[in-house]
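Participant: kindly return the folded structure for what I paste below:
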Amino acid sequence: MVAMGFTGEKAFRWKERFIAAFDLMERRIIELSRAAERRASREWQQARHDGKEIRRAASEAIDAFVTYARAQGSTHAHRYFVTITRMTCRALFTFEPGQEKRMGPTVRDHLDASQLAALAVVEDTVVKALHAGMGEGWPYKTVYHEARKRAHAVATVLGKSPVRASALPASEPASGKRPRPRAAVQLPLWEPRTGRT
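Facilitator: This next block holds a predicted model:
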């Protein structure tokens, strides 16, 4: 109450930051409440459950593809876990600046049931494309490009949708300056199998 009575440029900036922090807290509480409601819904739980087998199959397919690429001379084959994950996620979802980093490995918790279902469809498409290309004996780069092409085609039909996690805390410096947007980071939708980096 005392601080709100202060005047001047510095007091005005402090009040703005205080109000912004309060608004952020309110949005975060609302988002957490909505996320809890989503997780409690049968539809969401079923979508998460249905996606587990496909995620397991995707992880195994990428692991087999990494081995396949290494056998053909790839020195950075282990990066396909990250590359395919990023490609799949960005084909389906849009994010606010910096949102990907703040979400990290919890991205699935912020997807609704229809987004989880869409992700499962694209993951299944990637699994089938990887197995088909390896089965034909194609060069590993051709296999990846074909899987990417098919994933994007399916994602285009399904349509992009925003990930609703805007209330995640932002790291804004005390100076009041807005941080520069950071490069997007890996979203671990598929975890590499044990022993892989």
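
Participant: mean confidence score for stretch 85-104?
Facilitator: In this model, stretch 85-104 carries a mean pLDDT of 83.

Participant: low-confidence ranges, the chain, go.
Facilitator: Low-confidence segments of the chain, defined by pLDDT under 70: 1-5, 38-40, 104-105, 165-197.

Participant: repeat that for 80
Facilitator: For the chain, the stretches with pLDDT under 80 are 1-7, 31-40, 42, 44, 100-107, 109, 164-197.

Participant: how does it divide into domains?
Facilitator: Per the record, the chain has its domains at 10-40, 44-162, by automatic domain parsing.

Participant: could I get the ones you listed in JSON lines, plus columns for mean neighbour count?
Facilitator: The C-beta positions use only the backbone N, C-alpha and C, and glycine is treated the same way. Output for these, formatted as JSON lines (neighbours: other Cβ atoms under 10 Å):
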{"stretch": "domain 10-40", "mean neighbour count": "13"}
{"stretch": "domain 44-162", "mean neighbour count": "17"}
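
Participant: quick one: Val154 from Glu53, how far?
Facilitator: Distance, Val154 to Glu53, by Cβ to Cβ, to the nearest Å: 18 Å.

Participant: now Phe93. Its backbone dihedrals?
Facilitator: Reported as degrees, to the nearest 10, the phi and psi values for Phe93 are phi -130, psi 150.

Participant: from Gln115, how far off is it?
Facilitator: Separation of Phe93 from Gln115 (Cβ to Cβ) stands at 7 Å.

Participant: for the protein, what spans make up the strands?
Facilitator: 93-94, 161-162 (DSSP state E).

Participant: which helix runs longest in the protein?
Facilitator: helix 9-40 (DSSP state H).

Participant: so how far is that one from its chain's centroid?
Facilitator: 22 Å (Cα atoms, centre = their mean, to the nearest Å).

Participant: please apply the same query to stretch 55-68.
Facilitator: Offset of stretch 55-68 from its chain centre (Cα atoms, centre = their mean): 19 Å.

Participant: over to stretch 138-148?
Facilitator: That offset, for stretch 138-148, works out to 23 Å (Cα atoms, centre = their mean).

Participant: export that stretch as CSV, just CAs?
Facilitator: Output of stretch 138-148 as CSV, limited to C-alpha atoms (Å, rounded to 0.1, in the frame of the first residue of the first chain):
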residue,chain,number,x,y,z
TRP,A,138,17.6,-46.7,-49.3
PRO,A,139,20.5,-44.4,-48.3
TYR,A,140,19.8,-43.1,-44.7
LYS,A,141,19.4,-39.5,-45.8
THR,A,142,16.7,-40.6,-48.4
VAL,A,143,14.9,-42.5,-45.6
TYR,A,144,14.9,-39.5,-43.4
HIS,A,145,13.7,-37.1,-46.1
GLU,A,146,10.9,-39.5,-47.1
ALA,A,147,9.8,-39.8,-43.4
ARG,A,148,9.9,-36.0,-43.1
